[in-house]
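K.L.:
would you be able to build a 3D model of this:
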Amino acid sequence: MTVAPFGQRFAASLAARGQFCVGIDPHAALLSDWGLDDTAEGLEKFALAAVEAVAPYCSVVKPQSAFYERFGSRGIAVLERVIAESRAAGALVLLDVKRGDIGSTSQAYAEAYLDPSSPLASDAVTISPYLGFGSLTPFVETARSHGAGLFVLAATSNKEGPEVQEAVTAEDFGGRTVGAAMLEHLRELNGDTQPLGSFGAVVGATIAPSAGSGRGDAGLDFAINGPILAPGYGEQGGTTADVVRIFGSAAANVVASSSRGVLRLGPDAHAMRDAVQRANDELRSLLG
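P.N.:
I've put the predicted structure just below:
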């Protein structure tokens, strides 16, 4: 079966369901808050209840693989169900794995997460470019083959990020910040694809201006003609006004992500659903 390119499906999903993404991240503390044991059984109850509550109402669901992997094969089995049931509910699944390697290993990761024959096949994955953007070629080619998408780390909001992302490349590589270089690579991959390319960036919803760094509203150009994932929205301090401030005219291509801000309301399914709808309404009010 031929699948439409991810960029096309992403644009359609945001138009239909809004620009809010829920991270299904089963932290041990959240399991406890829900009255569940920190076991594979608790994980399954938590994750599937969260999917049932939010996946029919948000454009993108983003499970963080690490919280499932810590339970071994039983946790991975739950992750497979989270992916399948989220997609069945109409949400796109962005699997948060942040993989990055070279050669055949990179190819194997790409096939694990993007090939439809894999039980972990998702609509898109997060990946790290810090072995060099060219190391991502197997991901790019596999994504293109299967109509999948990629979200490449570009300007994250963790305090350690600037050590790498604000470093300046050698003149042979453009003499620009690493973050700016990643965005330029994505811009080239997406070209003039309509309505949107399939190769996106991860940019924190809480990044602040940094004088001379070319970061945030100090100068990074987010017009990559591709999707943008903005984690840190809501509970971690990012606001709709920040999305407008940071991304400007590219804000229409942003999906803002929150995990704990929604999941802490569980196991009340109605409260989680209402939180998704409020976030979508708030984003729609400023972003249109």
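K.L.:
how near is residue 49 to residue 131?
P.N.:
Here the distance between residue 49 and residue 131 works out to 38 Å (Cβ to Cβ, to the nearest Å). Every residue, glycine included, has its C-beta placed from N, CA and C.
K.L.:
equivalent analysis for residue 48, please.
P.N.:
In this view, residue 48 and residue 131 are 35 Å apart by Cβ to Cβ.
K.L.:
residue 49 and residue 131: which has the busier surroundings?
P.N.:
Shown here are residue 49 and residue 131; by other Cβ atoms under 10 Å, residue 49 has more neighbours (18 against 12).
K.L.:
just the helices in the stretch 51-200 of the chain please.
P.N.:
66-69, 72-88, 103-114, 137-146, 162-165, 178-190 (DSSP state H, counting those that start in this stretch).
K.L.:
quick one: the third one to helix 137-146, angle?
P.N.:
Going by axes from the mean of the first three to the mean of the last three Cα atoms, to 10 degrees, helix 103-114 is angled at 40 degrees with respect to helix 137-146.
K.L.:
tell me what helix 103-114 is packed against?
P.N.:
When contacts are defined as 3 or more Cβ pairs under 8 Å, 6 or more residues apart in numbering; DSSP states H and E, helix 103-114 sits against strand 92-99, helix 137-146.
K.L.:
residues contacting residue 78?
P.N.:
40, 43-44, 47-48, 68, 71 (Cβ atoms under 8 Å, 6 or more residues apart in numbering).
K.L.:
out of the residues you listed, which one sits closest to residue 185?
P.N.:
residue 68 (29.8 Å; Cβ to Cβ).
K.L.:
ok, back up a step: just name the most buried of the helices of the stretch 51-200 of the chain.
P.N.:
helix 178-190 (a mean of 21; mean count of other Cβ atoms under 10 Å).
K.L.:
that one - contacts with which helices or strands?
P.N.:
strand 149-155, helix 162-165, strand 199-203.
K.L.:
got the angle for the last one vs strand 92-99?
P.N.:
Read that as strand 199-203. When the same axes, to 10 degrees is applied, the directions of strand 199-203 and strand 92-99 differ by 70 degrees.
K.L.:
and the contacts of strand 199-203?
P.N.:
With Cβ under 8 Å, 6+ apart, strand 199-203 has contacts from 7, 10, 124, 126, 140, 143, 149-156, 182-183, 186, 189-190, 220, 222, 224, 226-231, 246-247.
K.L.:
return the alpha-carbon coordinates of the next helix or strand after it using CSV.
P.N.:
Where DSSP states H and E defines the elements, the next helix or strand beyond strand 199-203 is strand 228-231. What follows is strand 228-231, C-alpha atoms only, in CSV (Å, rounded to 0.1, in the frame of the first residue of the first chain):
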residue,chain,number,x,y,z
ILE,A,228,9.1,21.3,13.7
LEU,A,229,8.7,19.6,17.1
ALA,A,230,8.8,22.0,20.0
PRO,A,231,9.1,20.0,23.3
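K.L.:
which strands and helices sit next to strand 228-231?
P.N.:
Using 3+ Cβ pairs under 8 Å, 6+ apart, strand 228-231 sits against strand 199-203, helix 240-247, strand 254-258.
K.L.:
in the sheet, which strands lie alongside that strand, parallel or antiparallel?
P.N.:
When pairing is defined by DSSP bridges, strand 228-231 lines up against strand 199-203 (parallel), strand 254-258 (parallel).
K.L.:
tell me what angle the first one forms with strand 149-155.
P.N.:
When the same axes, to 10 degrees is applied, the directions of strand 199-203 and strand 149-155 differ by 30 degrees.
K.L.:
tell me which residues touch residue 111, please.
P.N.:
With contact set as Cβ under 8 Å, 6+ apart, residue 111 has these partners: 118, 142.
K.L.:
share the number of residues neighbouring residue 206, please.
P.N.:
Neighbours around residue 206, by other Cβ under 10 Å: 18.
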